[in-house]
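Asks: Next come a sequence and a model predicted from it.
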Amino acid sequence: MRTLLINGKIYLEKGRFEEALSLKEGFVESVGTTEMVITTRRPQDEVLDLGGKTVLPGFNDSHLHLFLLGEAMNSCNLNGATSIDEIIERGKTYLSNSGSVKGIHGRGWNQDFFKTGELRLPRREDLDLISADIPIVYERVCGHVAVGNTKAMEMAGIKEDTQIPGGTIERSPEGILSGVVTENATYILAKSISQKSKAEKKNQFIQAGKYVLSQGITSVQSCDVSGEDFQKTFDWIREVYEEKTLPLRYRHQFNFQEIKNFRRYLETEYKNGKYLDGFYQKGSLKLFKDGSLGGRTALLSKFYADDPTTKGVEALEDHELQDLFRLAHEHSIPVITHAIGDGAVESVLNAYENVLQGKDNTLRHGIVHNQITTKEQLDRIVKRDISVMAQPVFLDYDLHIVKKRVGEELAKTSYAFNTLYQQGSLISIGTDAPVEDSNPFRNIYAAVTRMDHTGYPEGGYQPKERMTVGEAVDAYTYQGARNQFQEDIKGKLLPGYYGDLVVLDRDIFTIDPADIPNTQVTITIVDGKVVYRKE
Ligand SMILES: [Zn+2]
């Protein structure tokens, strides 16, 4: 079947628009004026009159956590809470609404948003006020810091003397557990919450997939698999794709911090796993070098300007990072490493350079986040062709804290996304959902204005780092496809490319940028078929 889209403003690729296009068997067949395309019409063809509406290639979120997004949609939402009392109240409400639950997983608190009561991190005894009988784990918005109630700490086996490599367990000077843990220790703590059945997991995953399709995202590069139990997760995600229940293109970003698990992956899933090229791809190895800026766990090269006792947390030591990287590289697996602080970026660049030994970065190894950077590091990223998966929407919060955390000087060369884009870097855009909502328009707004959602600061934070709408769309579509080696088939609306596109309710290229976050998707098409239509 063919579908003809006519009378629109169709963005084909950077700087190029057309009025009409035809889709055939999942691909773009032709583009041109309405007159040209309509002359090819056959009786059985479907015609969609766009009435002047703007069309883009489907968005490609280059780094998120689809399953966690589904979990967050089904957990106790702590986003925007303004006090410790409020997060306690929300937990109590969640508990009374959900009847008999075996545990509570809350997500999204941020101590910087607390305005009343004690302005500190939540603690074990705060959560004990919600319940002492079931485990409760509250993750900070960044996912790198969490707090558990007494029951959760017990069930996770975290005791006064427990040590967890690559993570921290906070204790009072007397050695009493506060309930707060970071990095690798958060996974251990999370194990106290009862496990979901496979069917529940698949449902939440599909729920999140449908949600992002409604926002115009047609491809995701998603980090959902990690650790020892990796095979189970690979298997149920594969089932979702084999059952064809989710028309969302998916590429793995599997995470192994321990080389023994990665070796086991290489012996099993890597060799035998089945992949369905168009919709379900093998993907990259995702590593974590550090944490988050908000939680002061991002690894800086110097002490934090607002906390001279810490430089952040190292989730992997340099030699571990390099060994994992080398092993992946030898197997032609692209590696992408989470690095937020300049100390982490430095380690990642060193590891990549040590292994690549001056050779071209043909596997497109990259850095996820790449926020706090020096000028010298930016130059190395460009020179070595390191791919960068950026989240401009993080600025909504970070622009308020970055100078405090790292000082004026380093802040100047940080979040330098346009600097990289203009120098031809492979820089793509994502949201890291559920850290931020997966909404692409809030992200484009942040890339284009460099302001928070209230319009602060006037003129934008570091105005030279503003991108144009066209550049941000390019980074969100074509560059995302490049990041997954599919730039010849995805991310543009030219003949031979996937028929993945979105119809918008307003023209983001001409509206007041302040209006961009309000943009809604009216139709999402994947593989030439309508997969979402706004009621
Ligand atoms: Zn992430």
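Replies: Structure received. Residues are numbered from 1 along each chain as shown.
Asks: Which pLDDT value goes with the closest residue to residue 145 other than its chain neighbours?
Replies: Of all residues beyond its chain neighbours, the one nearest residue 145 is residue 295 (4.4 Å), with distances taken as C-beta to C-beta, 6 or more residues apart in numbering. Backbone N, C-alpha and C define where each C-beta goes, glycine included. The score at residue 295 is 86. That number is its pLDDT.
Asks: which phi and psi does residue 295 have?
Replies: Phi and psi for residue 295, reported as degrees, to the nearest 10, are phi -80, psi 0.
Asks: For it, which residues are in contact?
Replies: The neighbours of residue 295, taking C-beta atoms under 8 Å, 6 or more residues apart in numbering as the test, are 140, 142, 144-145, 182.
Asks: what do you get for residue 535?
Replies: For residue 535, the contact set (C-beta under 8 Å, 6+ apart) is empty.
Asks: Hmm, residue 268 is touching residue 232, no?
Replies: No. Assessed by C-beta atoms under 8 Å, residue 268 is found out of contact with residue 232, at 12.0 Å.
Asks: what's around residue 200, how many residues?
Replies: 13 (other C-beta atoms under 10 Å).
Asks: For the residue nearest to the spatial centre of the chain, which three-state class applies?
Replies: The chain has residue 432 as the residue nearest its centroid, 1.8 Å off, counting by C-alpha atoms, centre = their mean. Using DSSP: H, G, I helix; E, B strand; the rest coil, the structure places residue 432 in coil.
Asks: got a list of what it touches?
Replies: Contacts for residue 432 were tallied using C-beta under 8 Å, 6+ apart; they are 63-65, 368-369, 391, 394.
Asks: The same query, at a cut-off of 6 Å, please.
Replies: Counting by C-beta atoms under 6 Å, 6 or more residues apart in numbering, residue 432 makes contact with 63-64, 391.
Asks: Residue 455 too?
Replies: Residues in contact with residue 455 (C-beta under 6 Å, 6+ apart): none are found.
Asks: and it, that's in a strand?
Replies: No. Counting by three-state DSSP, residue 455 falls outside a strand, being coil.
Asks: For residue 113, see how far away it is.
Replies: 19 Å (C-beta to C-beta, to the nearest Å).
Asks: where along the stretch 51-200 of the chain do the strands fall?
Replies: For the stretch 51-200 of the chain, the strands defined by DSSP state E, counting those that start in this stretch occupy 54-57, 59-64, 76-77, 104-109, 136-140, 145-148, 167-171, 177-183.
Asks: closest to residue 2 out of those?
Replies: For these, proximity to residue 2 was assessed by C-beta to C-beta; strand 54-57 is nearest, at 16.5 Å.
Asks: Compute the number of surrounding residues for residue 131.
Replies: Neighbours of residue 131 under the rule other C-beta under 10 Å: 17.
Asks: Give me the phi and psi angles of it.
Replies: Note on residue 131: backbone dihedrals following degrees, to the nearest 10 are phi -160, psi 140.
Asks: how much space between the closest residue in space to it that isn't next to it in sequence and residue 87?
Replies: Setting aside the residues directly before and after it, residue 131 is nearest to residue 95 in space (C-beta to C-beta, 6+ apart), at 6.4 Å. Remark: distance between residue 95 and residue 87 (C-beta to C-beta) = 13 Å.
Asks: out of those two, which sits in the more crowded spot?
Replies: A direct count of neighbours by other C-beta under 10 Å for residue 95 and residue 87 places residue 87 higher, at 23 against 17.
Asks: pLDDT at the more buried one, what is it?
Replies: We have a pLDDT of 96 for residue 87.
Asks: Tell me how many other residues crowd the closest residue to it other than its chain neighbours.
Replies: Spatial nearest neighbour of residue 87, excluding adjacent residues (C-beta to C-beta, 6+ apart): residue 81 at 4.8 Å. If you count neighbours by other C-beta under 10 Å, residue 81 ends up with 23.
Asks: pretty sure residue 81 is touching residue 88, no?
Replies: No. The pair residue 81 and residue 88 fails to qualify as a contact (C-beta atoms under 6 Å) at a distance of 9.4 Å.
Asks: related to what we said a few turns ago, so which of the strands of the stretch 51-200 of the chain is nearest residue 190?
Replies: It's strand 136-140; of the strands of the stretch 51-200 of the chain, that one is closest to residue 190 (C-beta to C-beta) at 5.7 Å.
Asks: Compute the inter-axis angle for the closest one and strand 104-109.
Replies: 20 degrees (axes from the mean of the first three to the mean of the last three C-alpha atoms, to 10 degrees).
Asks: Please list the outside residues in contact with strand 136-140.
Replies: Here strand 136-140 makes contact (C-beta under 6 Å, 6+ apart) with 104-107, 109, 127, 130, 146-149, 152, 189-190, 193, 295.
Asks: Give me the contact list for the longest helix along the chain.
Replies: Ranked by number of residues, the top helix in the chain under DSSP state H is helix 198-214. Residues outside helix 198-214 that contact it (C-beta under 6 Å, 6+ apart): 66-67, 69-71, 74, 236, 240, 245-246, 248, 438, 524, 531-532.
Asks: picking that back up, tabulate the contacts of residue 432 (JSON lines), appending neighbour count.
Replies: Formatted as JSON lines, those follow (neighbours: other C-beta atoms under 10 Å):
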{"residue": "63", "neighbour count": "28"}
{"residue": "64", "neighbour count": "27"}
{"residue": "391", "neighbour count": "27"}
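Asks: how about CSV for those residues, with distance to residue 34 and pLDDT added?
Replies: As requested, these are arranged in CSV below (distance: C-beta to C-beta, whole Å; pLDDT from 0 to 100):
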residue, distance to residue 34, pLDDT
63, 37, 98
64, 36, 98
391, 37, 98
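Asks: about what we covered before: pull the most distant pair out of the contacts of helix 198-214.
Replies: Farthest pair in the contacts of helix 198-214, by C-beta to C-beta: 236 and 524, 24.5 Å.
Asks: model confidence over stretch 141-153, on average?
Replies: On average, stretch 141-153 scores 93.
Asks: let me redo that: stretch 366-377
Replies: So the average pLDDT for stretch 366-377 ends up being 98.
Asks: What lies in contact with that stretch?
Replies: Residues contacting stretch 366-377 (C-beta under 6 Å, 6+ apart): 63, 336-342, 345, 348, 386-389, 406, 413-415.
Asks: go on, stretch 412-426?
Replies: Under C-beta under 6 Å, 6+ apart, the answer for stretch 412-426 is 371-375, 378, 382, 387-388, 390, 427, 465, 467, 471, 482.
Asks: Show me just the buried residues among these.
Replies: Buried residues within the contacts of stretch 412-426, defined by neighbour count using 16 or more other C-beta atoms under 10 Å: 371-374, 378, 382, 387-388, 390, 427, 465, 467, 471, 482.
Asks: Which of the residues you listed fall within strands?
Replies: Judged by DSSP state E, strands contain the following of these: 387-388, 390, 427.
Asks: farthest-separated two in those residues?
Replies: Farthest pair in those, by C-beta to C-beta: 387 and 390, 10.2 Å.
Asks: Which neighbours do the two have in common?
Replies: Counting by C-beta under 6 Å, 6+ apart, nothing touches both residue 387 and residue 390.
Asks: Buried only: go through the contacts of stretch 366-377 for me.
Replies: 63, 336-342, 345, 348, 386-389, 406, 413-415.
Asks: Which one of the contacts of helix 198-214 sits in the busiest neighbourhood?
Replies: residue 66 (29 neighbours).
Asks: doesn't residue 225 make contact with it?
Replies: No. Taking contacts as C-beta under 6 Å, residue 66 lies outside contact range of residue 225: 11.0 Å.
Asks: Give the residues shared as contacts by those two.
Replies: Joint contacts of residue 66 and residue 225 (C-beta under 6 Å, 6+ apart) do not exist.
Asks: State the number of residues packed around residue 302.
Replies: Residue 302, neighbours per other C-beta under 10 Å, totals 13.
Asks: Relative to residue 271, how far out is it?
Replies: To residue 271, residue 302 is 44 Å away according to C-beta to C-beta.
Asks: got it, and residue 389?
Replies: 27 Å.
Asks: SS state for residue 515?
Replies: helix.
Asks: nearest residue to it other than its sequence neighbours?
Replies: residue 506 (7.0 Å).
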